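Asks: okay, structure incoming, though there's no sequence with it:
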Ligand code: 1CP
């Protein structure tokens, strides 16, 4: 992880980046997954103006606006590009709809012919709109705020492409991979190639760091985990390190549990996003030999509840991670029911430290 940084690097000005150079900060940098979103009234207002959710993602001025909203309110150390992991299948030509109250809906992939119809060469116009958002953001963000670009990991994106919607157990994708491993490999390879171009474009447009969201990494047994989570992620991370040395890549293999260390050593990620179920003592100890930045892992529902329990848990995490290369975050995304003032409390608790 520690690599020499050239003098023009933004690292000195952006605290979020410093743990990746091996510097443990007190207080740690903080940002929150889904920090832009429905819990903020100003987001709901901009989203209504945009029309649909995809219109919001593909309108650079509006996507940049909702990215900036939580930065204005809370002064997080990093902004995350406002987009969605399902823009990749959408840009590939698998039509994606977001239905109010239902989440995403896609025409499910059932056969090899459905995979063959996807078109990696056609992604550029839609990706170009996302890159334009990144460019605007790098101009409009405060200089000290890092900008995180992202994509979904091939496995997680494939689960939505095959199921056609969110699911509890990702059964359709898991069965597809068992019944037609060659077809699933072709889909995975396509997602690896397209994700590399997508992330690379985000870095060229101004992203300082990248995160790969593997929300459903926890649904696979070890052999499948190696093939569909580790291998594709390693290929993306290697390509990013080769093309963009010094740009850290954080992996978020949600639910990976005992396989998280394996994931870190095999994929070469610079940071590991820990989910809500990871015990803080593991965050503090399990990855120590890997020199990887640890990010996480407050329960998003504790942020809904707030109060003394929130403060006590924040103090516990800060204490256990004291002296480590650590970035404070949630263990999964903010939920819409979160009172915005609890987020302000959280930021204050983290910034004031356990002495608060
Ligand atoms: O109604 C609305 O306004 C849409 C809600 C919403 C938002 C705010 C969706 C639909 N996507 C997003 C933005 C988003 N999604 C961001 C950028 C904003 C930020 O973090 O501040 C990011 C990084 C994502 C990533 C994402 N989308 C993931 C991975 C992380 C995670 O939460 O596990 C996944 C799985 C998705 C798919 C998706 N998009 C939207 C929903 C409701 C879902 C989940 C579908 C499901 O399985 O139920």
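Replies: On my side now, so go ahead. Not measured: the values here are computed from a predicted model.
Asks: taking the stretch 101-250 of the chain, what residue is nearest to the ligand?
Replies: residue 166 (2.4 Å; Cβ to the nearest ligand atom). (Glycine included, C-beta is placed from N, CA and C.)
Asks: so who does that residue touch?
Replies: By Cβ atoms under 8 Å, 6 or more residues apart in numbering, the contact list for residue 166 reads 103, 104, 160.
Asks: equivalent analysis for residue 216, please.
Replies: Residues 155, 156, 159, 170, 254, 255 are the ones in contact with residue 216 under the rule Cβ under 8 Å, 6+ apart.
Asks: residue 82 contacts residue 56, doesn't it?
Replies: Yes - contact criterion Cβ atoms under 8 Å: residue 82 and residue 56 qualify, at 7.5 Å.
Asks: joint contacts of the two?
Replies: With Cβ under 8 Å, 6+ apart as the test, residue 82 and residue 56 both reach 63, 66.
Asks: rewinding a little: most surrounded residue in the contacts of residue 216?
Replies: residue 155 (30 neighbours; other Cβ atoms under 10 Å).
Asks: looking at it, that one is touching residue 220, isn't it?
Replies: Yes - counting by Cβ under 8 Å, residue 155 does reach residue 220; the two are 7.4 Å apart.
Asks: wait, is residue 337 part of a strand?
Replies: No - with DSSP: H, G, I helix; E, B strand; the rest coil as the criterion, residue 337 is located in coil rather than a strand.
Asks: so how far is residue 306 from it?
Replies: Distance, residue 337 to residue 306, by Cβ to Cβ, to the nearest Å: 11 Å.
Asks: can you map out the helices along the stretch 51-200 of the chain?
Replies: Assigned by DSSP state H, counting those that start in this stretch, the helices in the stretch 51-200 of the chain fall at 53-57, 60-74, 87-91, 112-116, 124-140, 154-163, 171-179, 181-205.
Asks: single out the most deeply packed of those helices.
Replies: Sort these by mean neighbour count, taking mean count of other Cβ atoms under 10 Å, and helix 154-163 sits at the top with a mean of 27.
Asks: returning to what we had before: so for residue 337 and residue 306, which sits in the more crowded spot?
Replies: With neighbours defined as other Cβ under 10 Å, residue 337 and residue 306 compare such that residue 306 has more, 16 against 11.
Asks: which phi and psi does the nearest residue to that one once chain neighbours are set aside have?
Replies: Excluding the flanking residues, the one nearest residue 306 by Cβ to Cβ, 6 or more residues apart in numbering is residue 342, at 4.1 Å. Here is the backbone geometry of residue 342 (degrees, to the nearest 10): phi -70, psi -30.
Asks: residue 295 too?
Replies: phi -130, psi 140.
Asks: mean confidence (pLDDT) on stretch 282-292, please.
Replies: In this model, stretch 282-292 has an average pLDDT of 93.
Asks: no no, stretch 146-153
Replies: 98.
Asks: then stretch 67-74?
Replies: On average, stretch 67-74 scores 98.
Asks: and it, anywhere near the ligand?
Replies: No - remark: stretch 67-74 sits outside contact range of the ligand, by Cβ under 6 Å from any ligand atom, the gap being at least 7.0 Å.
Asks: which other residues reach that stretch?
Replies: Against stretch 67-74 from outside (Cβ under 8 Å, 6+ apart): 32, 35-36, 40, 42-43, 46, 76, 79-82, 133, 137, 140-142, 145, 340, 343-344, 347.
Asks: among those, which are in reach of the ligand?
Replies: 35, 36, 80, 82.
Asks: hmm, who's touching stretch 332-350?
Replies: 27-28, 30, 32-35, 37-41, 70, 73-76, 254, 275-276, 298, 300-301, 303-304, 306, 310-311, 314-315, 318, 328, 356.
Asks: out of those, list just those in strands.
Replies: 298, 328 (DSSP state E).
Asks: the contacts of stretch 332-350, buried ones only, as a PyMOL selection?
Replies: Command for PyMOL that selects the buried part of the contacts of stretch 332-350, burial taken from 16 or more other Cβ atoms under 10 Å:
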select buried, resi 27+28+30+32+33+34+35+37+39+40+70+74+76+254+275+276+298+300+303+304+306+310+311+314+315+318+328
